[in-house]
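1. 3D model of this:
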Amino acid sequence: MTEPAVAVPGMGTVHHLDDHRPAPDTTTAEPVSLVKDPAPAVVDGDEVEAVDRADNPLADWLTVPDAPVLPAWARSTASIKANAAALVRLSWWHTRYHALRIPKYLVKTVLLAARGFYRATVGMWPTLSAQDHTAAVKALRAQSKARPEDVELATRLQIAHAERTRTRRWRFGAAAVGVAAATLGFALADPMLQGGIATAVVTPLAYLGRGKETQFLDQGAPPLRVDMSAQQLNDALRAAGLLKSGKSGDEDGPKVSCSMGPVRDGRGWAVIFDLPGVAARPPPTSSRSGKSSLRNSEWMRSRSSCPGSAPRRAATPAASACGSRTMTPTWVP
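-> Alright, predicted model coming up:
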């Protein structure tokens, strides 16, 4: 006996989403290219840097030219040689100037060290004399005088006095032993070591003995040639008392005119000028104005401008009835 075949029903229908989407328009769409586009060519004439743009606020600051690296005296070989030679000459002049004053510097050092030793002694005296114990001794002595019958107070005064005396002995003894040991060591040392020890002791004492306006070394001014203008010469003569100032200032006052100079004159420099006809007075030994120092002692030469008069040399110019006088002061800057 056979059974009829039964057909199995289907599980579902398979649909594709692409079948339900609208078809793309291939006539207008552009294909996507994965090839990288080449970089555009750069044209030098069309583009400028950021610092050169007109709208850059830092353009003025960035375009300032750089300052020269070397100073003016080091930009040429000739300038370097000239400045080196001038430095050598200046150093040699200062060396001779201060070498001649070594005895003066030594005396000044000894005086400063003596003053410093005095100040150090005054500063150390309260410690050596046990001033910290003196206040208690004075207070007990005053109380003992007020109450002489108080035995306990007298005992306390005696103990305090003995303690102060013992402290003074120890302190002065230690100071004396230290000074004696230093003196013995200095006497037994070699000459070179003695010089070092003396320098190490005198230098702090001299520094301690200095004042507020103490100038140890003298200030030397080498005789250099200085170009003096007419205004500087007039100011120097007015400062020396050879010219009178005007009522309303220097503009209305008498002035001089330079005839020649500056020229070398002995160890200094001289300038020849015409002095107005005023009664001359004995000038001071030296007077400074600006960078010049007039030295009107024996280097003053005067020549009367009257016809027929011969040049003469005089330490002090005499009064002249003529309109002007030619004088040659010598100055050392």
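2. Name the residues of stretch 164-181 that come out as buried.
-> Arg164 (16 or more other CB atoms under 10 Å). Using the backbone N, CA and C atoms, a C-beta is placed for each residue, glycine as well.
3. next one: stretch 134-151
-> Applying 16+ other CB under 10 Å to stretch 134-151 flags 137, 140, 144 as buried.
4. quick check: mean pLDDT across stretch 190-208?
-> For stretch 190-208, mean pLDDT rounds to 90.
5. thinking again about what came up before, closest one to Tyr97 out of the buried residues of stretch 134-151, please.
-> Val137 (58.4 Å; CB to CB).
6. Please pull out the lowest mean pLDDT helix or strand from the chain.
-> strand 312-313 (a mean of 34; mean pLDDT, DSSP states H and E).
7. so Ile272 is in which element?
-> strand 268-276 (DSSP states H and E).
8. ranges for the helices of the stretch 1-150 of the chain?
-> Under the criterion DSSP state H, counting those that start in this stretch, helices of the stretch 1-150 of the chain are mapped to 17-20, 59-62, 77-99, 102-128, 131-146.
9. Would you map out the domains in the chain?
-> According to automatic domain parsing, the chain comprises the domains 102-208, 230-331.
10. any idea which of these scores lowest on pLDDT?
-> domain 230-331 (a mean of 52).
11. With respect to Val179, which of the helices of the stretch 1-150 of the chain lies nearest?
-> Taking the helices of the stretch 1-150 of the chain one by one with CB to CB, helix 102-128 is closest: 11.8 Å.
12. Counting by contacts, list what the closest one packs against.
-> helix 151-188, helix 191-208 (3 or more CB pairs under 8 Å, 6 or more residues apart in numbering; DSSP states H and E).
13. how close does the nearest residue to Gly185 once chain neighbours are set aside sit to Asp190?
-> With sequence-adjacent residues excluded and distances taken as CB to CB, 6 or more residues apart in numbering, Gly185 is closest to Ile197, at 7.9 Å. Per CB to CB, to the nearest Å, Ile197 is found 10 Å from Asp190.
14. So for the two, which residue has more residues nearby?
-> Using other CB atoms under 10 Å as the criterion, Ile197 and Asp190 rank with Ile197 on top: 14 against 8.
15. so who does the more buried one touch?
-> Neighbouring residues of Ile197 by CB atoms under 8 Å, 6 or more residues apart in numbering: 185-186, 189.
16. In JSON lines: those residues, plus distance to Ala78 and neighbour count.
-> Below are the contacts of Ile197 laid out as JSON lines (distance: CB to CB, whole Å; neighbours: other CB atoms under 10 Å):
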{"residue": "Gly185", "distance to Ala78": "58", "neighbour count": "12"}
{"residue": "Phe186", "distance to Ala78": "55", "neighbour count": "13"}
{"residue": "Ala189", "distance to Ala78": "53", "neighbour count": "13"}
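17. from these, which is closest to Leu205?
-> Of the contacts of Ile197, the one sitting nearest to Leu205 (CB to CB) turns out to be Phe186, at 14.8 Å.
18. So for that closest one, what's the nearest residue that isn't a sequence neighbour?
-> Ile197 (5.6 Å).
19. for Pro68, same thing?
-> Nearest one to Pro68, counting by CB to CB, 6+ apart, is Arg75 at 7.3 Å.
20. Pop out the phi and psi values for the one you found.
-> phi -100, psi 0 (degrees, to the nearest 10).
21. looking at it, it is touching Asn83, isn't it?
-> No. Using CB atoms under 8 Å, Arg75 is not in contact with Asn83, being 11.2 Å away.
22. Any chance you could list residues touching both of the two?
-> With CB under 8 Å, 6+ apart, Arg75 and Asn83 have no common neighbours.
23. Stretch 124-135: which residues count as buried?
-> 130, 133.
24. Run through who's touching that stretch.
-> By CB under 8 Å, 6+ apart, stretch 124-135 touches 160, 163-164, 167-168, 171-172, 175.
25. Would you indicate which residues of stretch 108-115 are buried?
-> For stretch 108-115, by 16+ other CB under 10 Å, it's 108-109, 112-113, 115.
26. Could the C-alpha coordinates of that stretch be exported in CSV?
-> Presented in CSV, the C-alpha positions along stretch 108-115 are these (Å, rounded to 0.1, in the frame of the first residue of the first chain):
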residue,chain,number,x,y,z
LYS,A,108,98.8,105.9,53.1
THR,A,109,98.3,102.2,53.7
VAL,A,110,100.2,102.4,57.0
LEU,A,111,98.0,105.3,58.2
LEU,A,112,94.8,103.5,57.1
ALA,A,113,96.0,100.3,58.9
ALA,A,114,96.7,102.3,62.1
ARG,A,115,93.2,103.8,62.0
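27. Throw the contacts of Ile197 into CSV and include distance to Ala206, thanks.
-> Compiled in CSV, those are given as follows (distance: CB to CB, whole Å):
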residue, distance to Ala206
Gly185, 22
Phe186, 18
Ala189, 21
